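Asks: Sharing a model that was predicted from the sequence below.
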Amino acid sequence: AEATFAVGRYQIEEPSFHPFNSKFDYWLEGKARLSEAEMRGSVLFNDQDKANCAGCHTSQPTRDGFPPPFTDTQYEALGAPRNPALADTKDPGYFDLGVCGPVRKDVAEQTQFCGMFKTPSLRNTAQRHAFFHNGVFQTLQQVMDFYNFRDTNPEKVYPAGADGKAEKYNDIPVKYRANVDVSDPPFNRHPGETPAMTDQDEADIIAFLQTLNDGYKPEQ
């Protein structure tokens, strides 16, 4: 307990863990201006009927006045596609079920959590090259396409099965697929319906996400 407390204090007191010097942070302070695309992306990010990103990636300052963490630290099952590049997935019986195993074992019997993973912060996410718990996506464009087409055009996201149809939620056993979020936008749509976002919407959101990178130098 003392070691954990010490690490926590170090992370709180060491500025490199939370510089909060992105363009977004300077914008919050009135020291930078977002471009038109970045501003449109910000609106879409927070739009509960469109991208609805802020539903999990909180974008408002905390009650203590700290800059937004861009995560609610909750758990979600989104049904990301299986990553065939991982060694573990060569075993068709292997599934990473997040909260309920195989690594974590303390809540394995609480199957309502199977397939759920903790919502990550989106700060500096534009600098990453692997996304989701299994690293199945390599670009933000692929991530946005997943959110946009998972339910309206699953064939754009998932591989085809033996019957030629998209193998939706192919990285979660059938018995746990009811845990996947199908109620919160943009996941509340159905096959053939219009996706929540246009190509321009996706591009604007990506532009906004790039404002979350640390190390921005405001114009003097």
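Replies: Ah, there it is.

Asks: hey, let's count contacts and neighbours off CA atoms from now on
Replies: Fine.

Asks: all strands of this protein, in order?
Replies: With strands called from DSSP state E, the chain shows them at 75-76, 117-118.

Asks: Sheet-wise, list the partners of the last one with their directions.
Replies: Same thing as strand 117-118. Here strand 117-118 is paired, per DSSP bridges, with strand 75-76 (antiparallel).

Asks: hmm, who's touching the strand it pairs with?
Replies: G115, M116, F117, K118, T119, V180, D181 (C-alpha atoms under 8 Å, 6 or more residues apart in numbering).

Asks: R104: which of the strands of the chain is closest?
Replies: strand 117-118 (11.5 Å; C-alpha to C-alpha).

Asks: on that earlier part again, of the contacts of strand 75-76, grab the buried ones for ChimeraX.
Replies: In ChimeraX, a selection of the buried entries from the contacts of strand 75-76 looks like this (16 or more other C-alpha atoms under 10 Å):
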select :115,116,117,118,119,180,181
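
Asks: out of the contacts of strand 75-76, who's nearest A32?
Replies: Nearest to A32 among those, with distances taken as C-alpha to C-alpha, is T119, at 27.9 Å.

Asks: Would you confirm that the closest one contacts T71?
Replies: Yes - contact between T119 and T71 holds when scored by C-alpha atoms under 8 Å: they sit 5.9 Å apart.

Asks: related to what we said a few turns ago, with distance to Y26 added, can I get the strands of the chain in TSV?
Replies: Listed next are the strands of the chain as TSV, based on distance: least, C-alpha to C-alpha, whole Å:
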stretch	distance to Y26
strand 75-76	29
strand 117-118	27
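
Asks: quick one: low-confidence ranges for this structure?
Replies: 220 (pLDDT under 70).

Asks: do that again at 50, thanks
Replies: Low-confidence segments of the chain (pLDDT under 50): none present.

Asks: Show me the contact partners of stretch 98-110.
Replies: Against stretch 98-110 from outside (C-alpha under 8 Å, 6+ apart): F95, D96, T111, F113, C114, G115, M116, F117.

Asks: Would you mark the buried spots in it?
Replies: Quick answer for stretch 98-110 (16+ other C-alpha under 10 Å): G98, V99, C100, G101, A108.

Asks: Of those residues, just say which sits nearest to G135.
Replies: G98 (13.6 Å).
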